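>>> Structural data only, the sequence is not supplied:
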């Protein structure tokens, strides 16, 4: 574990009031590094070692977690103590257990101070009696000088709370009405004690009444004077005045009930800072007891959301994150009240409506006066919130003494931080005053730096640091101004800049923020001594201050929440930690491998990222769910190579080679390049690195042939895709194939276009592509973009590169100091920062527990967490890296489990030489013989090529000088001579450049043709005529030989340089073609590459060559 916590020594302070943190030595913030198996005594010893001797307790020391109110149990490991970032650990002897703000179990009611000097404080109310006032002996001691010493008495029963004013000088009011005697309170009522407002609510607070339009009270019509009539018969006599009086009484009772509902609705629509602070503390104290995520949060939200939430946003429950059910982080950017602040309470015009027929002429004034009095009584709603929408106003300012303005700004900031989560809201604080360092605990101050500088916070004090943070905000403003969005609501996160002293920001920059910021999703909260010192255009508002200790308490509580812990990925992500590699034995790897029958995905972690709940956890990429193809961008030094290597290793540690295989493409230096150790994985079928255009084409042809082979397998089994094949016929399913290209921009021109068809057809056949590049802008066309749903971007040079991959500019602003930080964007719109796994660490072979250490931390100002950069990475340079150990373990597991090797999709290129004796001769009776090796990428094969003269009859060989024509003739003679003895074969070697001798020999052979044609039968010996060179004077005899020779067993092989020298008449009679380019390499049948075999080793002399059955002239 690696946590930031506060440490203090318990010292009893008789002046501490309930609901406050334990007084004691000043907090010291430390970074705790420990193994989950560490012990509490080790922790205490480490914490005490970091304290000054004068601050250390002199007696036996216990440790308490102030957030939970529980002692750390020495019998349990640290991993079971529920420690979280932002916790305060109190050290002291057993008799000085701290007073914590955690309520005792079983209490039903709580008193919250809603407004006044003590706003944000609270008091648990178990059954019993409590006194509130300024006297130190009171259960809740107020700092409000206008409150009485013993002002209010509360009697707490099992189901009700009774309030009694203790004859205080200022008196007590309930919702604006004086409190006389003892009154039973109802939920949501406000009691005013001088300048202090308090409320008593159930735990958890009950939701308000159903929302909707302001309720109406129906008043009876005012009775008219009775008209005189001569004669009137009635079965019953009804007094209209009495009926009116009764109706008015009913209306008064109805109005009282509905007015309380109106007040409660208005007050709960914008929660007080006390309610929000209490919600944060309550949630932080119960994180481990009641985890809320996903559907659990949604279910809690539907029962515990505020009234305004349920009225304005009926579908909000499904969108909120952790803590929503507790009233924490209940607003989202698409809510109308996302940035609505509660400034103060005031008496505002009432919202209760009265409906009454109009009074006619001559109505009794007394009756009219009575209904008017009822209206007047409810014309004002007492102590209801005065609101301001920061998103509409763009900025809010407060003027006055520093202690007042700081308190008001604290109140506004705490409201925002508790209502909006760190994903949706970023907070920037620019102040050189030490009283603002508490904001470093707010997770919202890490939102803008989570990806570019983890651990850093946008809280800046020094001038240089303020300039850096301000530059970050201005860069974001420029990006958004150039962006495609037109309204501020579209920008997430919304940024709130807090300026307790506006003079610390250059006037020009401040003016730009005020004028342009609101349109770019950037708002300001500004304080100044006078209104004139506020920036122009910033409206001035009054507000209710919040005490500094309450704000600090809330910030610590928010730091402990799961969303806060998950707001940023870690600085490093060791491969061993990402994969949880506690055992690298072959048997352990075999157990890790997921069979096709149990898993339909192809998922493995690529690194660590923020999780909710649970802090940091592995970020998994599934090639099927998130792909099937992906695009990766990152400049040199960004961690792109480690991302590829670690992901391949993670996949190999998750799936055996008969389930998933790799083809790696690296046009750089493959031996020590991108893939390095991964080339040795049994899953790796090969590393392709040849930039020769011909080899690139044959590689692509082979891969497309692999897709066709897979499609044929699917058709034979009547399944639609590889997933169905694995489900129904797992044993026959081909292994999935992942093709990874390290830098496709460096590839030859035909490479990327050749991938398009592969990407389109391969998705159903289990073929996946991962394409990486340093410069994606301009290299990715629409077709490739449409096929790559998975996008990962590390640091890139320009915003255009980031936009190409992520459709947002974030990756262009990653810090160069943060190698391995990336953003992942998936097909479903998911977007997450991740620290990619790094396999270069050298973990010990036997895992040892991390020693418990603490290091004092001071939140650094600006964008660099300097303490974090000094974190040791450890490792023995002589030991193998984690990646090397993993590759060795996977290879050993492959052998141990006897996993069958998978066929390679493409074959190596033909070699420069083949020996004839190494080739397999045909077993048929046909007049054929092996001549060389041919490359068949369409069939994913290399095989022996046989010259079948029964089929072809004759063969033409073309090639320039030195191309190997004579060698080919030697090979033909030797190969046929090896298959057929002298009784079955006669070979004539003709030098075509010696025209006279050649004509004589051809004339002799022509006689054999004529003789055989005249005979019904002949001896059957084949005649093989090898003509080396060509002269036009030989055309006629060659035409006669080719024309009649095949039928009587005479075959001509003519080798010549010029195609044009061969007449059409001769060419038509000789259908076989070999075109040589150099050194026996050429094309047969127009497109098939051939390497002619040597009839004898190249180092032998003619005298040493095997004897050939031939006649040379």
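On my side now, so go ahead. Quick caveat, the model's predicted, so the values are computed rather than measured.
>>> And the helix or strand containing residue 950, what's buried?
Using DSSP states H and E, residue 950 sits in helix 949-952. Across helix 949-952, burial judged by 16 or more other C-beta atoms under 10 Å covers 949, 952. In this view, the C-beta of every residue, glycine as well, is placed from N, C-alpha and C.
>>> same check, this time on stretch 947-963
947, 949, 952-959, 963.
>>> Quote the end-to-end distance of that stretch.
The first and final residues of stretch 947-963 sit 19 Å from each other (C-alpha to C-alpha, to the nearest Å).
>>> going forward, begin numbering at 190 instead of 1
Happy to do that; since the first residue is 190 now, the last one works out to stretch 1136-1152.
>>> roughly how far is the helix holding residue 1139 from the heart of the chain?
Offset of helix 1138-1141 from its chain centre (C-alpha atoms, centre = their mean, to the nearest Å): 64 Å.
>>> elements contacting the next helix or strand after it?
Downstream of helix 1138-1141, the next assigned helix or strand under DSSP H and E is strand 1144-1147. When contacts are defined as 3 or more C-beta pairs under 8 Å, 6 or more residues apart in numbering; DSSP states H and E, strand 1144-1147 sits against helix 1154-1168, strand 1239-1245, strand 1261-1267.
>>> Mean neighbour count added to those, as a markdown table?
Shown next, in a markdown table, are the helices and strands packed on strand 1144-1147 (neighbours: other C-beta atoms under 10 Å):
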| stretch | mean neighbour count |
| --- | --- |
| helix 1154-1168 | 22 |
| strand 1239-1245 | 25 |
| strand 1261-1267 | 18 |
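>>> Quick one: closest of the ones you listed to residue 865.
Smallest distance to residue 865 across those (C-beta to C-beta): 34.9 Å, for strand 1261-1267.
>>> residues in contact with the closest one?
1136, 1138, 1141-1149, 1151-1154, 1157, 1271-1275, 1279, 1281 (C-beta atoms under 8 Å, 6 or more residues apart in numbering).
>>> Direction included, what does it pair against?
Sheet pairing here is set by DSSP bridges, and for strand 1261-1267 it gives strand 1144-1147 (parallel), strand 1270-1273 (antiparallel).
>>> Confidence-wise, which of these is weakest overall?
Ranked by mean pLDDT, those end with strand 1270-1273 at the bottom, a mean of 91.
>>> Can you list the low-confidence ranges for the stretch 390-539 of the chain?
Scanning the stretch 390-539 of the chain for pLDDT under 70 picks out 393-438, 440-459, 463, 471-516.
>>> what two of the buried residues of stretch 1136-1152 are the furthest from one another?
Pairwise distances among those were taken by C-beta to C-beta; the largest, 23.4 Å, belongs to 1142 and 1152.
>>> tell me the domain ranges of this protein?
The record, using automatic domain parsing to delimit domains, assigns the chain the ranges 292-392, 578-754, 764-1033+1068-1081, 1105-1301.
>>> wait, which of those is closest to residue 535?
Using C-beta to C-beta, the nearest of the domains of the chain to residue 535 is domain 578-754, at 9.5 Å.
>>> Please compute how far that closest one lies from its chain's middle.
26 Å.
>>> Give me the contact list for stretch 1115-1125.
Stretch 1115-1125 is contacted from outside by 887, 1096, 1098-1100, 1103, 1105, 1108-1111, 1131-1140, 1157, 1160-1161, 1164-1165, 1167-1169, 1211, 1238, 1240, 1269, 1273, 1277-1282, using C-beta under 8 Å, 6+ apart.
>>> Tell me where the stretch 1190-1302 of the chain is predicted with low confidence.
1205, 1207-1208, 1286-1302.
>>> which residues of it fall in helices?
Taking DSSP state H, counting those that start in this stretch as the criterion, the stretch 1190-1302 of the chain carries its helices at 1224-1234, 1253-1258.
>>> now these as a markdown table including mean neighbour count and distance to residue 386?
What follows is the helices of the stretch 1190-1302 of the chain, written out as a markdown table (neighbours: other C-beta atoms under 10 Å; distance: least, C-beta to C-beta, whole Å):
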| stretch | mean neighbour count | distance to residue 386 |
| --- | --- | --- |
| helix 1224-1234 | 19 | 114 |
| helix 1253-1258 | 15 | 107 |
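>>> could those go into TSV alongside distance to residue 865?
Below are those laid out as TSV (distance: least, C-beta to C-beta, whole Å):
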stretch	distance to residue 865
helix 1224-1234	58
helix 1253-1258	53
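>>> To residue 847, which of those helices lies closest?
Here helix 1253-1258 is closest among the helices of the stretch 1190-1302 of the chain (C-beta to C-beta), at 51.3 Å.
>>> other SSEs contacting the closest one?
helix 1224-1234.
>>> tell me the centre residue of this protein?
By C-alpha atoms, centre = their mean, the chain has its centre lying nearest to residue 1021, at 2.3 Å.
>>> Okay, that residue and residue 981: tell me how far apart.
10 Å (C-beta to C-beta, to the nearest Å).
>>> Can you list the low-confidence ranges for the stretch 790-939 of the chain?
For the stretch 790-939 of the chain, the ranges with pLDDT under 70 are 800-804, 858-862.
>>> again with the stretch 240-389 of the chain
Checking the stretch 240-389 of the chain against pLDDT under 70 turns up 241, 243-244, 247-249, 284-295.
>>> change it to 50
290-292 (pLDDT under 50).
>>> Please enumerate the strands of it.
251-254, 259-260, 277-281, 298-304, 311-314, 317-322, 329-330, 341-345, 350-354, 361-363, 366-367, 371-373, 379-382, 385-391 (DSSP state E, counting those that start in this stretch).
>>> can you pull the buried residues of stretch 312-331?
312-314, 319-323, 327-331.
>>> End to end on it, go ahead and measure it.
End-to-end distance (C-alpha to C-alpha), stretch 312-331: 12 Å.
>>> For residue 1174, give me its contacts.
Listed by C-beta under 8 Å, 6+ apart, the contact partners of residue 1174 are 1165-1166, 1210-1213, 1298.
>>> ditto for residue 960
Counted by C-beta under 8 Å, 6+ apart, residue 960 has contacts 818-821, 930, 933, 944, 973, 977.
>>> For residue 837, see how far away it is.
14 Å.
>>> As a check, name the ranges of all strands in the stretch 940-1089 of the chain.
Listed in chain order, the strands of the stretch 940-1089 of the chain (DSSP E, counting those that start in this stretch) span 956-962, 977-982, 1010-1014, 1020-1025, 1042-1045.
>>> Adding mean pLDDT and distance to residue 777, write those strands out as TSV.
Shown next, in TSV, are these (pLDDT from 0 to 100; distance: least, C-beta to C-beta, whole Å):
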stretch	mean pLDDT	distance to residue 777
strand 956-962	93	27
strand 977-982	91	29
strand 1010-1014	90	28
strand 1020-1025	88	24
strand 1042-1045	64	30
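>>> isn't residue 390 right up against residue 298?
Yes - look at residue 390 against residue 298 with C-beta atoms under 8 Å: they come within range, at 6.9 Å.
>>> coming back round to it: pipe the strands of the stretch 240-389 of the chain into a markdown table and attach distance to residue 586 per row.
Shown next, in a markdown table, are the strands of the stretch 240-389 of the chain (distance: least, C-beta to C-beta, whole Å):
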| stretch | distance to residue 586 |
| --- | --- |
| strand 251-254 | 39 |
| strand 259-260 | 43 |
| strand 277-281 | 33 |
| strand 298-304 | 20 |
| strand 311-314 | 30 |
| strand 317-322 | 34 |
| strand 329-330 | 33 |
| strand 341-345 | 35 |
| strand 350-354 | 38 |
| strand 361-363 | 31 |
| strand 366-367 | 35 |
| strand 371-373 | 40 |
| strand 379-382 | 27 |
| strand 385-391 | 24 |
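>>> Out of those strands, which is closest to residue 596?
Distance to residue 596, taken as C-beta to C-beta, is lowest for strand 298-304 among those, at 12.0 Å.
>>> mind listing what's buried in stretch 220-230?
220-224, 227-229.
>>> Just to be careful, could you list which of those residues are in strands?
When DSSP state E defines the strands, the subset of the buried residues of stretch 220-230 inside them is 220-222.
>>> Can you show me the strands along the stretch 790-939 of the chain?
Counting by DSSP E, counting those that start in this stretch, the strands of the stretch 790-939 of the chain are 792-800, 804-811, 818-822, 849-854, 873-877, 925-930.
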